[in-house]
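> sequence? don't have it. structure:
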């Protein structure tokens with residue numbers, strides 16, 4: 001049954017499941033890309049008074065700790081059967097939300113380096129546990145044919161709100177928004193996880209949407225080349241994005257005409273582009289292969305950074321909205337792919353591990369390693385043009401590498417006498 005079928009048949013349980021997954025995933029992603037990735041830099045540098053180099057080390061530590069916790073949690077979920085238990089995952093997420101609410105509320109009052117590092121350590125635990133639990137809900141809540149479209153709604157919701165509000169990127173602004181969102185979320189999660197809601201009872205039991213799109217006819221094995229090729233490609237997308245974006249938003253002439261503009265209309269424009277890009281990516285995901293989608297992602301990033309390098313070299317005045325528009329388009333494409341892909345290469349027995357490795361390595365590790373590298377480049381005096389040239393070269397390398405890798409794989413299969 002698809003979501004449209006559920007709508008026609010008034011299957012409220014299925015509709016609740018899809019809506020719950022969209023709300024949890026979009027809220028979690030908004031928290032990560034705003035409060036954690038941007039808010040922590042403001043907290044460490046402006047509030048605590050740390051150097052950018054010290055903050056970059058802390059961000060790298062956050063990435064590694066989050067990855068370790070996610071892997072341990074995901075593997076434990078799969079081995080103990082928690083990945084098949086909807087109520088167990090909801091209760092885990094309730095606990096994660098309690099911890100994140102407390103951490104968010106106290107974040108603006110962190111005043112020392114020791115407290116900052118302690119905060120980062122606890123944050124990594126909450127995110128690391130939350131990743132496999134959130135993605136693991138897909139096997140219970142999201143129909144397989146609709147995963148691209150549902151991922152598009154998650155991406156559109158998270159990025160539209162992130163682009164529009166708050167306009168001021170400070171730890172205080174982010175904390176106020178997140179605490180206001182966490183309190184009602186805690187109430188809803190508490191009720192849904194209580195075991196007293198009949199609609200949730202209908203969704204519980206054996207996972208309804210067990211076998212992912214790419215696990216037919218054979219499931220994707222954790223240590224297979226097919227799985228790790230996807231991890232490497234997604235790592236490349238996150239790494240290129242974060243390495244370029246952080247430098248762009250730290251450059252006053254570029255950010256004041258885009259994400260840092262005081263003009264709400266510009267923020268709405270970027271948010272709308274995010275929504276359109278996510279919806280387009282959702283349609284493409286449902287109808288094209290993974291290889292074609294990654295070509296789109298890397299091609300868009302290469303073109304976008306080419307626009308930025310041309311502008312830095314030659315242009316004067318305010319940068320055109322075309323540049324942040326293409327950037328938003330590229331980000332929405334790969335984020336939609338990220339939310340749909342890991343459940344689709346999983347079964348209920350592997351979704352915790354695959355989500356932990358996929359999101360942990362390709363998402364968190366790539367994001368914060370590249371964030372740390374960008375901060376280190378800025379600290380060591382690497383110029384804006386040199387920085388963007390490096391990002392563009394990486395994007396072009398990945399764009400060219402996808403078809404080359406596909407060709408070499410087919411040659412190898414042909415040499416072994418297998419069908420290409």
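Great, that's in hand. Given the structure is predicted, the values throughout are model-derived calculations rather than measurements. Numbering: from 1, shown residues only.
> and the longest helix that the chain contains, what does it pack onto?
Assignment by DSSP state H gives helix 384-415 as the longest helix of the chain. For helix 384-415, the packing partners by 3 or more Cβ pairs under 8 Å, 6 or more residues apart in numbering; DSSP states H and E come out as helix 225-249, helix 290-314, helix 366-379. (Each C-beta comes from the backbone N, C-alpha and C, glycine too.)
> contacting residues around residue 403?
For residue 403, the contacting residues are 291, 295, by Cβ atoms under 8 Å, 6 or more residues apart in numbering.
> ok, residue 392 to residue 217 distance?
With distances defined as Cβ to Cβ, to the nearest Å, the gap from residue 392 to residue 217 amounts to 40 Å.
> Mind checking which of the two has more residues around it?
residue 392 (21 against 5; other Cβ atoms under 10 Å).
> residues contacting the residue nearest to that one when sequence neighbours are not counted?
With sequence-adjacent residues excluded and distances taken as Cβ to Cβ, 6 or more residues apart in numbering, residue 392 is closest to residue 305, at 3.9 Å. Under the criterion of Cβ under 8 Å, 6+ apart, the contact partners of residue 305 comprise 240, 244, 388, 391, 392, 395.
> got it, and residue 347?
Neighbouring residues of residue 347 by Cβ under 8 Å, 6+ apart: 139, 210, 211, 212, 215, 219.
> Three-state assignment for it, please.
Secondary structure of residue 347, reduced to three states by DSSP: H, G, I helix; E, B strand; the rest coil: coil.
> now it: how far from residue 289?
21 Å.
> Show me what counts as buried in stretch 235-255.
By neighbour count, with 16 or more other Cβ atoms under 10 Å as the criterion, the buried positions of stretch 235-255 are 235-251, 254-255.
> ok, back up a step: would you reformat the helices and strands packed on helix 384-415 as TSV and include distance to residue 48?
Conversion of these to TSV gives the following (distance: least, Cβ to Cβ, whole Å):
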stretch	distance to residue 48
helix 225-249	19
helix 290-314	31
helix 366-379	15
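> Where does the prediction get shaky in the stretch 1-150 of the chain?
For the stretch 1-150 of the chain, applying pLDDT under 70 flags the ranges 1.
> Tell me which stretches of it form helices.
In chain order, the stretch 1-150 of the chain shows helices spanning 3-8, 12-30, 40-42, 52-80, 86-106, 113-136, 138-141, 147-164, with DSSP state H, counting those that start in this stretch as the criterion.
> correct me, but residue 62 touches residue 122?
No. In terms of Cβ atoms under 8 Å, residue 62 does not count as a neighbour of residue 122; the distance is 10.5 Å.
> Those two - which one has more neighbours?
Relative neighbour count places residue 62 above the other of residue 62 and residue 122, with 26 against 15, counting by other Cβ under 10 Å.
> quick revisit: could you identify which of the contacts of residue 347 has the most neighbours?
By neighbour count, taken as other Cβ under 10 Å, the most surrounded of the contacts of residue 347 turns out to be residue 139 (27 neighbours).
> With residue 104 as the reference, measure out to that residue.
Taking Cβ to Cβ as the criterion, residue 139 is separated from residue 104 by 29 Å.
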